[in-house]
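J.: quick one, structure for this:
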Amino acid sequence: MYQSTITLKSISNLSGFSVSTVSKALNGKSDISSKTKELIKNIALENNYVPNFTALSLRKQRTKTLAIIVPEITDSCYSCIISEIQKFSFKHGYRLLLFQSFSSKEKEEECLKNINDGSVDAAIMLSNFKQNNSSIFINNQLPIEYIEISNLQSRKKLKEEVILSFKKSLKNLIS
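T.: You can find the predicted model right below:
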């Protein structure tokens with residue numbers, strides 16, 4: 001995994017300002033002068049500074065990451081849905097984490113267990129199976145939008161339903 005080689009502490013050493021001032025400047029806080037902000041932002045830019053996403057997530061208690069669990073991405077319907085969801089999530093500053101269940105109930109449960117660790121803020125699961133009140137759903141602290149897929153359902157209707165559910169889920173997180 002690539003990480004920025006420069007940290008807030010490094011920028012602090014290079015600029016002569018405290019880590020707190022560096023952080024405030026990079027986050028555009030109003031109590032830092034524009035001259036200081038510009039100096040610090042230039043140092044960050046010259047050194048390819050990238051904020052530590054994991055640290056931000058811990059501090060803000062929000063990962064800005066959403067999970068989508070689909071039966072299989074090779075199905076053109078699901079890939080089209082994922083594409084639309086990706087566009088919408090990027091627009092709102094969210095990342096998308098994709099899982100495939102391969103139409104397996106066990107894999108669906110495994111996916112839900114994997115994301116119940118605080119790594120995502122919410123999930124949408126498209127499933128061929130009827131939702132039951134299994135312990136995996138009851139014990140999951142994560143908001144999950146469950147969409148049952150039926151062979152009788154039109155692809156267009158499914159796409160509309162999933163995208164609408166995703167937008168609703170994202171709006172609930174943002175507000």
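J.: okay, CA-based contacts and neighbour counts for the rest of this
T.: Fine.
J.: so, low pLDDT: which residues of the protein?
T.: 1-4, 57, 132-140, 174-175 (pLDDT under 70).
J.: quick one: the strands in the chain?
T.: Assigned strands in the chain, in chain order: 65-70, 95-100, 122-127, 144-148 (criterion: DSSP state E).
J.: which neighbours does the second one have in its sheet, and in what orientation?
T.: By that I understand strand 95-100. When pairing is defined by DSSP bridges, strand 95-100 lines up against strand 65-70 (parallel).
J.: put the alpha carbons of the strand it pairs with into CSV.
T.: Extracted as CSV, the C-alpha positions of strand 65-70 are listed here (Å, rounded to 0.1, in the frame of the first residue of the first chain):
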residue,chain,number,x,y,z
THR,A,65,-16.5,4.4,2.3
LEU,A,66,-19.6,2.5,1.2
ALA,A,67,-19.8,-1.2,0.4
ILE,A,68,-21.8,-2.9,-2.3
ILE,A,69,-22.2,-6.6,-2.5
VAL,A,70,-23.3,-8.0,-5.8
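J.: domains in the chain, by residue range?
T.: 8-51, 62-174 (automatic domain parsing).
J.: give the contact list for the nearest residue to Phe99 once chain neighbours are set aside.
T.: Excluding its sequence neighbours, the residue lying closest to Phe99 (CA to CA, 6 or more residues apart in numbering) is Ile69, at 4.7 Å. Contact partners of Ile69, counting by CA atoms under 8 Å, 6 or more residues apart in numbering, are Leu98, Phe99, Gln100, Ser101, Glu108, Cys111, Ala123, Ile124, Met125, Leu126.
J.: rerun at 10 Å
T.: Shown in contact with Ile69 (CA atoms under 10 Å, 6 or more residues apart in numbering): 78, 82, 97-102, 107-108, 111-112, 123-127, 146.
J.: what of Cys111?
T.: Ala67, Ile68, Ile69, Leu98, Phe99, Gln100, Ser101, Lys105, Met125.
J.: what does Lys130 give?
T.: Contacts for Lys130 (CA under 10 Å, 6+ apart) come out as Lys105, Tyr146, Ile147, Glu148, Ile149, Ser150.
J.: neighbours of Gln61, just the number please.
T.: Gln61 has 11 neighbours, counted by other CA atoms under 10 Å.
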